[in-house]
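>>> when you get a sec, could you give me coordinates for this:
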Amino acid sequence: MTLINDLRATTRRSSDLSKHSADVFAEAEDHTVQITRRDGEPLVLMSQREADARALLLQFAADLITVTLDDEGTLSSRMADRFPWMLALSPGDQAQCAKDLVNAARASFATGQAHLAIAELTSWRETATALAAGLASYPVESLEWLEDAELVERP
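Take a look at the predicted model:
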């Protein structure tokens, strides 16, 4: 059974790794590379970023399974117990957050794209953090918007 779900994953021979290592490493920075060997099981080469994203997705999956096994309270209240930062959200936002996180996780699991769930989780957590810091207490009318913003070259 293979855990490589990346549609862009490529397969290379171990000899390619020794003869064209720069090319193989460049590929691995972009997507997962499976290295086949005559004398053993294939190996997988990926960036640390990709490995970290997959580990985060697995942890998130474990958290969601824990939440769904509990049968007391609503999904959003059970998720707020597991993710305490959700308590900074309004009850309506907690319900929307729970729904969005489950949907993003399902999409990530179905496509093998960890960033879908991780981005949704990060977005909601940062929103809760901003609300907890009081950033929502500023009335929109008090904000000063630049009418004619001028583009500036990057340094």
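>>> what about Ile118, how many residues nearby?
When counting by other Cβ atoms under 10 Å, one arrives at 19 neighbours for Ile118. The way it works is simple: take the backbone N, C-alpha and C, and place the C-beta from them, glycine included.
>>> an error on my part: the question was meant for Ala132.
Considering only other Cβ under 10 Å, Ala132 is surrounded by 13 other residues.
>>> next, the contact list for the closest residue to it other than its chain neighbours, please.
Take Ala132 and drop its neighbours on the chain: the residue closest to it by Cβ to Cβ, 6 or more residues apart in numbering is Ala88, 4.1 Å away. Counting by Cβ atoms under 8 Å, 6 or more residues apart in numbering, Ala88 touches 128-129, 131-132.
>>> okay, Ala88: pLDDT?
On pLDDT, Ala88 comes in at 95.
>>> what's the answer for Ser137, then?
65.
>>> ok, back up a step: and the residue nearest to Ala132, how far is that from Gly134?
From Ala88 across to Gly134, the span is 10 Å (Cβ to Cβ, to the nearest Å).
>>> picking that back up, can you lay out the contacts of Ala88 as TSV showing secondary structure and pLDDT?
TSV is the format used below for the contacts of Ala88 (DSSP: H, G, I helix; E, B strand; the rest coil; pLDDT from 0 to 100):
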residue	secondary structure	pLDDT
Ala128	helix	95
Thr129	helix	95
Leu131	helix	91
Ala132	helix	91
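>>> filter the residues you listed to the buried ones?
128, 131 (16 or more other Cβ atoms under 10 Å).
>>> list just the nearest of the contacts of Ala88 to Phe83.
Proximity of the contacts of Ala88 to Phe83 (Cβ to Cβ) peaks at Ala128, which lies at 8.7 Å.
>>> which residues touch the residue nearest the centre of the chain?
Computing the C-alpha centroid of the chain and ranking residues by Cα atoms, centre = their mean puts Ile118 first, at 1.9 Å. By Cβ under 8 Å, 6+ apart, the contact set of Ile118 is 53, 56-57, 60, 108.
>>> before we move on, back to that, farthest pair within the contacts of Ala88?
Farthest-apart pair in the contacts of Ala88 is Thr129 and Leu131; separation 7.3 Å (Cβ to Cβ).
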